[in-house]
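**Q** Below is the sequence, then the predicted model.
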Amino acid sequence: MARASAKPRKPVAADDLGGALLAWWDRHRRVLPWRAPPGRTADPYAVWLSEIMLQQTTVASVTGYFSKFMTRWPSVEALAKAPLEDVLVAWAGLGYYARARNLHACAKIVAEKHGGRFPSSEAQLLGLPGVGPYTAAAVAAIAFNQPCVARDGNVERVVARLFAVAEPLPGARAAISAHAASFLPRERPGDFAQALMDLGATICAPRAPECGRCPLEPSCAARRAGTQLSFPVKPPKAARPHRRGAVFVLRRGDRVLLRGRPPEGLLGGMSEFPSTPLTLDVEPGAARAYAPIEARWREIEGGVRHVFTHFSLDLTVFVAEAAAADPALEGRWTKAADLGVEALPTLMRKVAVHAGLILA
């Protein structure tokens, strides 16, 4: 005998969407190290730190870094007093290194100009380094319970599907914010912000949404039309440029030559092995002209590939031994055994592994 199919759930009234979402979240909220337990007030420092770290990064990637930062710098004043180089070393591997520089600059301003207290309003938060519209809204809502719409990728996806927002991103963001604000409950805006994020992260997934488990499914316009995978509407992706270059690992005994990148721009302030300019496409035949000194450079077979946000890069890795210290060389000699505590970006860690300097 065939089993009867489940009865369709009744649509949630427009003025109770927020209540339905919060009722779901009260049962299914994620436990995250930066998130206050139910009934407890959120720590603005923890909220801000986590939101900066989570920009274009996953919760799984951030968790370890967040715990490390909170252990080493448990307050915004402690972070403000830390040398920038130490912050960059602790950040290494998390990517988008301008975030680390802005993080440190923001901590100094909060400590020195705001007495160690984060501003509570969205407008004031927007005036801090590295705090954009999303982060300002998230911190204001979660840490200070302000009625703000924090619109990240998860929220955009949930709301675009719920209301079948046909305009492509990024132009649709104003409409998405307006729709989200239409069912924002004034009494629990911080929980609402986190609930929308959790719904997008755990149920309203990009490719395989679990609509049958969604508390808003009966009212979802895209679900009713069977078009949930079509939202949010995105413009065609532009082709990512590909570049080539070379990196030069110069050794002298147990030491290796490192240099610091300029404080601004790509991988700003991080340490690197000398290389061709990463923003240029340098064909293999021309790469050796960028070597830091004339030496018997040996190419290591295979090379290193890395994908940045806006371009991909293939680096040929050359190694050589320096006969003696050359005072004209730009950079500093660092023990190869100490590379693990250097502020090396992921690209340069790949180079160090490829050259046999550190283990993968």
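**A** Good, I have the coordinates.
**Q** going forward, measure contacts between C-alpha atoms and count neighbours the same way
**A** Will do.
**Q** any idea how the chain splits into domains?
**A** Under the assignment automatic domain parsing, the domains of the chain span 16-230, 242-354.
**Q** Okay, now the unreliable bits of the stretch 251-360 of the chain?
**A** Low-confidence segments of the stretch 251-360 of the chain, defined by pLDDT under 70: 325.
**Q** Tell me the buried residues in stretch 153-171?
**A** 154-165, 167, 169 (16 or more other CA atoms under 10 Å).
**Q** out of those, who's nearest Arg259?
**A** Asn154 (38.7 Å; CA to CA).
**Q** Could you list the low-pLDDT ranges of the stretch 1-150 of the chain?
**A** Using pLDDT under 70, the stretch 1-150 of the chain drops low at 1-15.
**Q** Apply 50 and report the result again.
**A** 1-5 (pLDDT under 50).
**Q** Identify each of the helices in it and give its residue range.
**A** 17-28, 44-54, 59-72, 76-81, 84-91, 98-113, 122-125, 133-144 (DSSP state H, counting those that start in this stretch).
**Q** what's the distance between Asp86 and Arg27?
**A** 40 Å (CA to CA, to the nearest Å).
**Q** hey, C-alpha coordinates of stretch 93-101 in PDB?
**A** The C-alpha trace of stretch 93-101 is given here as PDB (Å, rounded to 0.1, in the frame of the first residue of the first chain):
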ATOM      1  CA  GLY A  93      47.200  31.200   5.700                       C
ATOM      2  CA  LEU A  94      43.800  32.800   6.200                       C
ATOM      3  CA  GLY A  95      44.100  34.900   3.000                       C
ATOM      4  CA  TYR A  96      43.000  38.400   2.000                       C
ATOM      5  CA  TYR A  97      45.800  39.900   4.000                       C
ATOM      6  CA  ALA A  98      44.500  43.500   3.800                       C
ATOM      7  CA  ARG A  99      42.000  42.300   6.400                       C
ATOM      8  CA  ALA A 100      44.700  41.600   8.900                       C
ATOM      9  CA  ARG A 101      46.200  45.100   8.500                       C
END
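**Q** sorry, back to before: looking at Asp86 and Arg27, which is more packed in?
**A** A direct count of neighbours by other CA atoms under 10 Å for Asp86 and Arg27 places Asp86 higher, at 14 against 8.
**Q** Can you give me the distance of the more buried one to Leu79?
**A** Asp86 sits 10 Å away from Leu79, going by CA to CA.
**Q** Likewise for Ser50?
**A** Ser50 is 14 Å from Leu79, by CA to CA.
**Q** one step back: let me know which of the domains of the chain is tucked in deepest.
**A** Per-stretch averages of neighbours, counted by mean count of other CA atoms under 10 Å, single out domain 16-230 among the domains of the chain, with a mean of 18.
**Q** Just the terminal-to-terminal distance for that domain.
**A** With CA to CA, one end of domain 16-230 sits 26 Å from the other.
**Q** Equivalent analysis for stretch 114-134, please.
**A** Start-to-end, stretch 114-134 (CA to CA) is 21 Å.
**Q** Run through who's touching that stretch.
**A** 44-45, 52, 76-77, 99, 102-103, 105-106, 109-111, 136-137, 139-140, 143-144, 146, 148, 150-152 (CA atoms under 8 Å, 6 or more residues apart in numbering).
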